[in-house]
Structure formats: structure tokens, C-alpha cells
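Q: Below are the sequence and a predicted model; questions follow.
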Amino acid sequence: MTSLLIITSVEKLQTRVNSVVKSFKNIPGIYVSLNKTQKSTENILRKNKINTNKIFFIDCVTSEKTKEDVLHIAPDQLDLLSSAINTFIKDIKGKKFLVVDALSTLLIYNDENKVVKFVKEVTEYASQNDVKVTAFSPKTKGEELLNKIFNFFDEVKKR
């Protein structure tokens with residue numbers, strides 16, 4: 001499958017995310033939320049008439065468990081996050097997607113090299129397992145990170 005990195009302004013980030021998630025009609029997927037709670041993300045998606053029934057959320061913002069089917073992983077636990085993503089990729093049969101909503105947020109909690117390693121692991125594993133990956137990053141943060149991770153993606157779009 002393909003992997004895509006979308007670099008966009010902070011103001012347009014959620015609109016771009018909505019558009020991408022909406023394009024995965026009836027395909028199961030994983031949504032890694034790094035800048036909003038799962039509850040907030042799910043509400044925004046539903047308001048935009050996006051069915052969230054086949055989306056498994058990994059919430060890296062809140063630590064309290066609010067729903068049984070949501071995984072909460074602290075943003076500084078990249079090994080655990082990577083492992084969880086890989087497990088869900090294995091568990092979902094057929095076509096699937098992975099959306100990561102604001103990669104540069106990881107730089108607040110981790111050093112750049114750890115984030116680069118995480119992105120490399122996830123994109124490699126996803127490409128081996130027929131997963132369409134779309135990662136987002138705001139234009140304003142993490143330019144050096146973006147320069148290091150460009151080559152892990154099949155396509156990079158600046159919008």
C-alpha cells in the first residue's frame with residue numbers, strides 16, 4: 001500500500017484529517033490521536049458525517065480510560081505505541097488504514113531521533129502489511145524532523 005505525509009497549516013489540519021478519514025469509506029483502520037482526545041476527535045469526525053464504527057482509536061492525549069475500545073498510550077512511550085499499532089495491523093484482516101494526526105507533537109515528549117525511529121518502524125511495518133498510512137504534521141513545527149522522515153513515505157504533500 002502507500003504512505004503519505006501531509007504537511008499543512010495548523011488551521012487546516014483538522015479539515016485535511018477529516019477529508020482523508022472520510023476517503024476510507026467502510027475500511028477498518030487505526031487513528032492515532034496525538035493532539036486531541038479520542039472523544040473530541042470522534043465527535044469532530046461524526047459532526048462531519050464520518051462513520052467511526054470501524055475506526056480503532058489510540059489516544060495519546062488522555063490517560064484515563066473512558067471507553068473499552070480505546071487504547072491510551074502516553075506520547076513518550078513510542079515503543080509501546082509502535083507495538084500497539086503493529087498488533088492492530090496484524091489483527092485487522094484485508095484492507096486497512098492508519099492515520100497519525102500530528103507527528104510533530106511527538107517532539108514535545110521525545111527526542112528527534114526516537115521520533116524518526118518510530119516513524120521508520122511504523123511505515124515499514126505498514127508497507128509490509130498492506131496498510132494505507134497517512135501522517136499529518138503542521139508546517140510550523142519540527143522542520144528538522146520532517147527533513148529526516150520524508151524518505152520513509154511514498155509521497156509527501158504540502159498543502
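A: Perfect, I can see it now.

Q: For this structure, give me the ranges with low pLDDT.
A: Residue ranges of the chain with pLDDT under 70: 1, 66, 140-142.

Q: try 50 this time
A: Across the chain, nothing is flagged by pLDDT under 50.

Q: So which residues of this structure form helices?
A: In the chain, the helices defined using DSSP state H lie at 10-23, 38-47, 78-91, 106-109, 112-128, 143-149.

Q: Next, format those helices as a markdown table and append distance to Lys54.
A: In this view, the C-beta of every residue, glycine as well, is placed from N, C-alpha and C. Shown next, in a markdown table, are these (distance: least, CB to CB, whole Å):
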| stretch | distance to Lys54 |
| --- | --- |
| helix 10-23 | 11 |
| helix 38-47 | 12 |
| helix 78-91 | 12 |
| helix 106-109 | 25 |
| helix 112-128 | 17 |
| helix 143-149 | 27 |
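
Q: would TSV of those helices with mean neighbour count and distance to Phe136 be doable?
A: Formatted as TSV, those follow (neighbours: other CB atoms under 10 Å; distance: least, CB to CB, whole Å):
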stretch	mean neighbour count	distance to Phe136
helix 10-23	16	6
helix 38-47	17	12
helix 78-91	16	16
helix 106-109	18	12
helix 112-128	17	12
helix 143-149	15	11
